[in-house]
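Asks: All I have is the shape, not the residue letters:
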């Protein structure tokens, strides 16, 4: 093995080990196994997850191999991205950055190793799902002939190029100025939606970033051949939860014919991924924050210190006992003070434009004509996503847990943070709520109120569990997109299309319990007041 | 005012970090000395109510702090070994936030924050973002937050790591000035940090309390056990393996090795006056730990 390859091998191996020992990786593996089971339902299970006019292919290797390629490509593009997108930032946050910057490793080599490690992680997840699908083929027994080639061909032609492109984007979004945080997350989410739509509705394969249109169209055409009544649905199909009554009609599908043009297009996307990696290495600043725009993250590790006035402790004046004003302490917890501080810290750093836009949203809800109101309402509850996503993770991210935990009950801190999040939700919703009340829409107030409690609770729980903003951001964006924006009734936590406040109040309660249990296991103590314990 | 640690042990899975430690502390500075991995930080975190003992009990004025941590938190100041700050806040804002956590009234908080910033020479930088602060300045912000509530128990864990020699001396002076009418626990592995300010010293190694005594008694305990040996450079490694080496200085006639040993290590070895560092090394190595 040449020395360069050996270096690559060790860099990738280390990054891979780091990833695979994380809880998020184990969680994704668990989800993949479950997805393998849930996505191959029994013929009498009463649901299907891929709709092409109410029929499906027999569970043979070609059908399941194609399904695995489509599902993982679409889902891994979203969840895989958020899982892997901060590998370089993590080196910075964990203060390994300066060590790497001072090492002789070249930018390209470092970035390639990061992208390659992310790519391998994605492939491992894909492999687990593929094995789960193979096991399900045998378990369901509709066709017990395992044709490994039928699983591997979609993997090779569809999944590998697609995941390679995704791996390149995980590093690009981690080094491109301004894309490390919420803006990058929102942009990627939009890209994912755009790519999904293109894959399903693109006029030709060139625009299909995921590469799944060939399988999708092949399956739809297969269905139309066997069931001519479905010919009007040719080339279309959709993923989701579709309840089915009785047995689902099936047909035999033998897979996609992989022609040269299809393979060439996939090679083009691999080339695009390679170009993105090279561009990322050019953008990579080697953890040097000087001259860059000021961001929270860069401030943490800033080694470029400007001259500061107080360079050391005073040499004199401390020879006698230290004299300070008496510290008057409140007898119990000082909730108003805690809440005020929590709100200040949550809103700190937001620009004037953020507040102006928030004010415009509030005013818009009050004064916009009624027919446009349902279109505006979802945006009210996506605007503070960056504020809510800080909840529950700040102490871990900034290493302040020791200071906070020795000063205040973790339970009291949790409730204060929760209350601050709810207050922000209430404030941004004030226009909508006042309007609902003026129009005597009690049900709307009730449903929106449940949403106001649900969103910050979700943010705080996911932040507490993951110690990161990303989990909430991805879950909430997806939920918001499918529910309030696209009106899937069960996911509409604001009740814009269909209200289910009881469901969301119940989920709020459940999330609180989960979060409190997580706190208990973390601290072993939840006492809230002097002399009490929980 | 009394902090009592009774047979406290802490295990993480099958690994024992602390094993049956007992101590009773009264007002004044207590130096907690021990090599890395001795269990000092684990003990500090338990005293700071962040973790709970697996077995044993810690009481503050008779109250079990595992059951009622809030009672101690009202009177606790804690400066962890490794802590962060919110980089987009100024010292003023950060201390204001910490004061709210500690339950101080807004007026009291503002007065004390201003005084502490003045004392710690940070008042000129009160409106600069913490993200641009040097390690030493950030450490002073940490000290300020630990003193916000006028704590009766002040715990400082390895506070001088990262400070320059001058700042270390000034920090020790600051701790001295704070020691009246409060218990100050200074945890460190640097003997000189505690020597000048701690009237009592606890030495830990391998998760156990090795000794708890006054520095004079500790020094006395190794009298006639500290030897000066002049050896050739080639023999140094051999001596290190056989004896506890306190220091080794290169001279023209060979290496002057300072050895702590019950027996005379070489026929030509001469006795030296003992120091606290010698006593520390003697106690720690007697337990088989690497100082």
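Replies: That came through fine. Note that the structure is a prediction, hence the values are computed from the model and not measured.

Asks: Say whether chain A is contacted by the lowest-mean-pLDDT helix or strand in chain B.
Replies: Ranked by mean pLDDT, DSSP states H and E, the weakest helix or strand in chain B is helix B:165-178, scoring a mean of 81. Yes. Under the criterion of Cβ under 8 Å from any Cβ of the partner chain, chain A is reached by helix B:165-178 at B:166, B:167, B:170, B:171, B:173, B:174, B:176, B:177, B:178. Backbone N, C-alpha and C define where each C-beta goes, glycine included.

Asks: Skipping its backbone neighbours, what lies nearest residue A:251 in space?
Replies: residue A:226 (3.8 Å; Cβ to Cβ, 6 or more residues apart in numbering or on different chains).

Asks: Among the residues of helix B:165-178 next to chain A, the buried ones, what's the PyMOL command?
Replies: Command for PyMOL that selects the buried part of the residues of helix B:165-178 next to chain A, burial taken from 16 or more other Cβ atoms under 10 Å in any protein chain shown:
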select buried, chain B and resi 167+170+171+173+174+176+177+178
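
Asks: Just the pLDDT at residue A:232, thanks.
Replies: pLDDT recorded at residue A:232 is 72.

Asks: and it, that's in a strand?
Replies: No. Applying DSSP: H, G, I helix; E, B strand; the rest coil, one finds residue A:232 to be helix, outside a strand.

Asks: Quick check: the gap between it and residue A:453.
Replies: As judged by Cβ to Cβ, to the nearest Å, residue A:232 and residue A:453 stand 45 Å apart.

Asks: Of the two, give the one with the bigger neighbour count.
Replies: Comparing residue A:232 with residue A:453 by other Cβ atoms under 10 Å in any protein chain shown, the one with more neighbours is residue A:453, at 23 against 9.

Asks: residues touching that one, list them.
Replies: By Cβ atoms under 8 Å, 6 or more residues apart in numbering or on different chains, the contact list for residue A:453 reads A:422, A:425, A:504, A:505, A:508.

Asks: between those residues, which is closest to residue B:231?
Replies: When the contacts of residue A:453 are compared for distance to residue B:231 (Cβ to Cβ), residue A:422 wins out at 72.1 Å.

Asks: quick one: what helix or strand has that closest one in it?
Replies: helix A:410-438 (DSSP states H and E).

Asks: show me where pLDDT drops low in the stretch 101-250 of chain B?
Replies: For the stretch 101-250 of chain B, the stretches flagged by pLDDT under 70 are B:162.

Asks: how about residue B:9, phi and psi?
Replies: Main-chain torsions, residue B:9, degrees, to the nearest 10: phi -130, psi 150.

Asks: Around it, how many other residues sit close by?
Replies: Should you count by other Cβ under 10 Å, residue B:9 turns out to have 17 residues around it.

Asks: Buried residues, stretch B:29-49. List them.
Replies: By neighbour count on 16+ other Cβ under 10 Å, the buried set for stretch B:29-49 is B:29-35, B:37-49.

Asks: Please report how far the residue sitting nearest the centre point of chain B lies from residue B:22.
Replies: Taking Cα atoms, centre = their mean, the centroid of chain B lies closest to residue B:187, which sits 1.3 Å from it. According to Cβ to Cβ, residue B:187 stands 17 Å off from residue B:22.

Asks: same question, residue B:155
Replies: Taken as Cβ to Cβ, the span from residue B:155 to residue B:22 is 18 Å.

Asks: ditto for residue A:468
Replies: According to Cβ to Cβ, residue A:468 and residue B:22 sit 40 Å apart.

Asks: okay, those two: which has more neighbours?
Replies: residue A:468 (19 against 13).

Asks: SS state for that one?
Replies: Following three-state DSSP, the label given to residue A:468 is coil.

Asks: Spatially nearest residue to it (excluding sequence neighbours)?
Replies: Nearest residue to residue A:468, sequence neighbours excluded (Cβ to Cβ, 6+ apart): residue A:393, at 5.5 Å.

Asks: Next, count neighbours for the one you found.
Replies: Neighbour count of residue A:393, defined by other Cβ under 10 Å: 22.

Asks: From chain B, how far out is residue A:365?
Replies: 30 Å (Cβ to the nearest Cβ, to the nearest Å).

Asks: Near the closest residue to that residue other than its chain neighbours, how many residues? Count them for me, please.
Replies: Spatial nearest neighbour of residue A:365, chain neighbours left out: residue A:431 (3.3 Å); criterion: Cβ to Cβ, 6+ apart. Residues within reach of residue A:431, counting by other Cβ under 10 Å, total 23.

Asks: Roughly how far does residue A:431 sit from residue A:254?
Replies: 57 Å.

Asks: likewise residue A:462?
Replies: The value you get for residue A:462 to residue A:254, if Cβ to Cβ is used, is 43 Å.

Asks: Settle it for me: which of the two has more neighbours?
Replies: Shown here are residue A:462 and residue A:254; by other Cβ under 10 Å, residue A:462 has more neighbours (27 against 14).

Asks: Which helix or strand contains that one?
Replies: According to DSSP H and E, residue A:462 maps onto helix A:442-466.

Asks: Measure how buried residue A:503 is and give me the count.
Replies: 13.

Asks: How much space separates it from residue A:251?
Replies: 37 Å.

Asks: Setting aside sequence neighbours, what's the nearest residue to residue A:266?
Replies: Nearest non-adjacent residue to residue A:266, counting by Cβ to Cβ, 6+ apart: residue A:161, 4.3 Å away.

Asks: what packs against the stretch of helix or strand that neighbour belongs to?
Replies: Per DSSP H and E: residue A:161 is located in helix A:160-175. If contacts are counted by 3 or more Cβ pairs under 8 Å, 6 or more residues apart in numbering or on different chains; DSSP states H and E, helix A:160-175 sits against helix A:61-84, helix A:87-93, helix A:107-140, helix A:182-201, helix A:260-283.

Asks: Give the buried residues for the second one.
Replies: Of the residues in helix A:87-93, those with enough neighbours to count as buried (16+ other Cβ under 10 Å) are A:87, A:88, A:89, A:91, A:92, A:93.

Asks: now those residues in TSV, with distance to residue B:90 and pLDDT?
Replies: Formatted as TSV, these follow (distance: Cβ to Cβ, whole Å; pLDDT from 0 to 100):
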residue	distance to residue B:90	pLDDT
A:87	31	90
A:88	29	92
A:89	24	90
A:91	28	88
A:92	23	84
A:93	22	82
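
Asks: of those, closest to residue A:400?
Replies: residue A:93 (13.4 Å).

Asks: The closest one touches residue A:396, doesn't it?
Replies: No. Applying Cβ atoms under 8 Å as the test, residue A:93 and residue A:396 come out as separate, 10.3 Å apart.

Asks: What distance do you get for residue B:199 to chain A?
Replies: Going from residue B:199 to chain A by Cβ to the nearest Cβ gives 15 Å.

Asks: For the stretch 151-291 of chain B, which residue gets nearest to chain A?
Replies: In the stretch 151-291 of chain B, the residue found nearest to chain A is residue B:170; the distance is 4.0 Å by Cβ to the nearest Cβ.

Asks: Show me what from the stretch 151-291 of chain B comes close to chain A.
Replies: The stretch 151-291 of chain B has residues B:164, B:166, B:167, B:170, B:171, B:173, B:174, B:176, B:177, B:178, B:180 near chain A, with proximity defined as Cβ under 8 Å from any Cβ.

Asks: Which stretches in chain B count as strands?
Replies: All strands of chain B, identified by DSSP state E, fall at B:3-12, B:15-25, B:28-33, B:55-60, B:63-64, B:76-79, B:153-157, B:183-188, B:200-205, B:208-213, B:226-231, B:244-251, B:254-260, B:270-271.

Asks: Share the number of residues neighbouring the residue in chain B that chain A sits nearest to, please.
Replies: When distances are taken as Cβ to the nearest Cβ, chain B reaches nearest to chain A at residue B:131, 2.4 Å away. Residues contacting residue B:131 under the criterion other Cβ under 10 Å number 21.
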